[in-house]
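# Pasted the sequence and its predicted model underneath.
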Amino acid sequence: MHFMFVLENDYNYVTGGSDVESSQACIIGEHMFCISFETESVKRLFRHTFPTVLPGSGCEPAFRLLLKEGYGRPFTDYRIDKFAVDGGFRYLRTDYALEVRANYQSAVIHVHDSLALKHAFMHLYSLLIVHERWGLLLHSSCVAENGKAYLFTGHSGAGKSTAAALSLPRSVIADEAAIVRIRPSGVSVFHSPFRSELQSMDGKGTGSWPLGGVHLLHQAQRNRLQLLSKSEGLLRLPDKVFFWNPSVDESRAIIHLLKQAVELVPLYELHFRKDPEFWELIS
Amino acid sequence: MMHRYVKKQSCETIILDDEIMVLHPERFTITKLSPVGGFCWSLLASAHSIDTLSAAVREQYEGADHSVEEDVSDFLNRLLECELIEAAHG
């Protein structure tokens, strides 16, 4: 098998011989990735970071990704600098470098540690799915119930992970970043490997779930559900989208995708107590 | 001469359930407008002053009172703050 990356400067790679130790194919959402690991060590880091991403078979057609480690310093803040380079873009944070070809067919990720790898891959995935107008990566947890998916989102500390944990033994499709497919015909959610705590294989291989509702969380003494207007929903969602340094075109694409979503899926304010009874209001 | 204002070309109008919102793609902001604000926004496709907008509001909405000019002025100031409109030249 032969892999070829032709990226400039310190990312020049023509691989296929001894330069790259190994590779694997995997599917995230509906996207096939063919991932090459510079060393066995970075391969172990990948499997530690994404334990629910299992090797698949076949590499065509696929997004080609080269993973390297030994970059930079530990995470300090979320600042990312974006540079146009010949044939693509380079994004630099203290703990990772991501370089994406302009044709969105290959990339190189160079990381410091597991956290950097998770965030860099989320960064890449969000770029890819917005570029294709496929969907969005939303800062939310997501749980399956009776064949539908329910998103739980809110500000930091609102209870996204808590709501997911309280939902067990239902399938937790996402506990930090939900992969949301948005089409005019419907909105659906895929199993997410981008996790903070609840590493779960539940629903892996099931495909996707139609999205039954989006819930903006508030911890409270009493459970209460309130339907929001579509416009209020659209106002509340942009800051829940994982995206970095959007261009004008990307901003438009994100908002248009969100508009499609709020036209198809109800949004609610969910005030909930820390027990599973809030599900009585949802399903 | 009275200042005249016009929509910024890059701003996009979004309509959801008859409610009017404006996307500013460079700032990645969305601004929701009231029905009267939405009416004024639709007029700002071409250049308008406080006086011409106020006259249009009075014609469109029966019972608009003497504070229309002040309300329109506040509205235009908010749109300027949000960078959704700019001074019209010519």
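Received it, and whenever you're ready, just let me know what you need.

# which regions of the stretch 101-250 of chain A lie under the pLDDT threshold?
For the stretch 101-250 of chain A, applying pLDDT under 70 flags the ranges A:198-206.

# Which residue ranges of it form helices?
Under the criterion DSSP state H, counting those that start in this stretch, helices of the stretch 101-250 of chain A are mapped to A:114-131, A:160-166, A:230-236, A:248-264.

# One more: chain B?
For chain B, applying DSSP state H gives helices covering B:35-43, B:50-60, B:68-81.

# Nearest residue to residue 69 in space, please, no chain neighbours.
I'll assume chain A. Nearest-residue entry for A:Glu69: A:Val42, 4.4 Å, with adjacent residues in sequence omitted and distances by Cβ to Cβ, 6 or more residues apart in numbering or on different chains. (Glycine included, C-beta is placed from N, CA and C.)

# sorry, should have said chain B
B:Glu69 sits nearest to B:Ser54 (Cβ to Cβ, 6+ apart), 4.8 Å away.

# State the pLDDT value of the one you found.
Looking at B:Ser54, its pLDDT stands at 94.

# Can you tell me how far it is from B:Ser73?
Using Cβ to Cβ, to the nearest Å, B:Ser54 is found at 9 Å from B:Ser73.

# Could you check which of those two is surrounded by more residues?
B:Ser54 (20 against 14; other Cβ atoms under 10 Å in any protein chain shown).

# isn't that one right next to B:Val68, touching?
Yes: between B:Ser54 and B:Val68 there is a contact at 4.6 Å, judged by Cβ atoms under 8 Å.

# Spell out which residues are contacts of both of those two.
Common neighbours of B:Ser54 and B:Val68, counting by Cβ atoms under 8 Å, 6 or more residues apart in numbering or on different chains, are absent.

# and A:Ala163, what is it in contact with?
A:Ala163 touches A:141, A:143, A:152, A:215, A:217, A:272, A:278, counting by Cβ under 8 Å, 6+ apart.

# Just the ones in strands from those, please.
A:141, A:143, A:152, A:215, A:217, A:272 (DSSP state E).

# which of those residues tops the neighbour count?
Most surrounded of the ones in strands among the contacts of A:Ala163: other Cβ under 10 Å gives A:Ser141, at 32 neighbours.

# Find the nearest non-adjacent residue to it, please.
A:Ala164 (3.8 Å).

# Against chain B, how distant is the one you found?
28 Å (Cβ to the nearest Cβ, to the nearest Å).

# And for A:Leu211?
18 Å.

# which residues pair with that residue across the strands?
Counting by DSSP bridges, A:Leu211 is bridged to A:Ala149.

# What is the neighbour count of it?
23.

# Go ahead and confirm it touches A:Val265.
Yes: counting by Cβ under 8 Å, A:Leu211 touches A:Val265, with 5.0 Å between them.

# intersection of neighbour lists for those two?
In contact with both A:Leu211 and A:Val265: A:Val187, using Cβ under 8 Å, 6+ apart.

# hang on, the earlier thing: among the contacts of A:Ala163, which one sits closest to chain B?
Nearest to chain B among the contacts of A:Ala163 is A:His215, at 19.2 Å by Cβ to the nearest Cβ.

# do you know how far that closest one is from A:Lys160?
10 Å.

# what sits in contact with each of the two?
With Cβ under 8 Å, 6+ apart as the test, A:His215 and A:Lys160 both reach A:152-153.

# okay, the helices of the stretch 101-250 of chain A in a markdown table with distance to A:Ser188 next?
Below are these laid out as a markdown table (distance: least, Cβ to Cβ, whole Å):
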| stretch | distance to A:Ser188 |
| --- | --- |
| helix A:114-131 | 13 |
| helix A:160-166 | 18 |
| helix A:230-236 | 18 |
| helix A:248-264 | 10 |
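
# Just give me the neighbour total for the nearest residue to A:Ala177 once chain neighbours are set aside.
Leaving out its chain neighbours, the residue that sits closest to A:Ala177 by Cβ to Cβ, 6+ apart is A:Phe194, at 4.0 Å. Neighbour count for A:Phe194, taken as other Cβ under 10 Å: 23.

# Please name the bridge partners of A:Ala174.
With DSSP bridges as the rule, A:Ala174 is bridged to A:Cys142.

# quick one: it and A:Phe194 touch, right?
Yes: applying Cβ under 8 Å as the test, A:Ala174 and A:Phe194 come out as touching, 7.4 Å apart.
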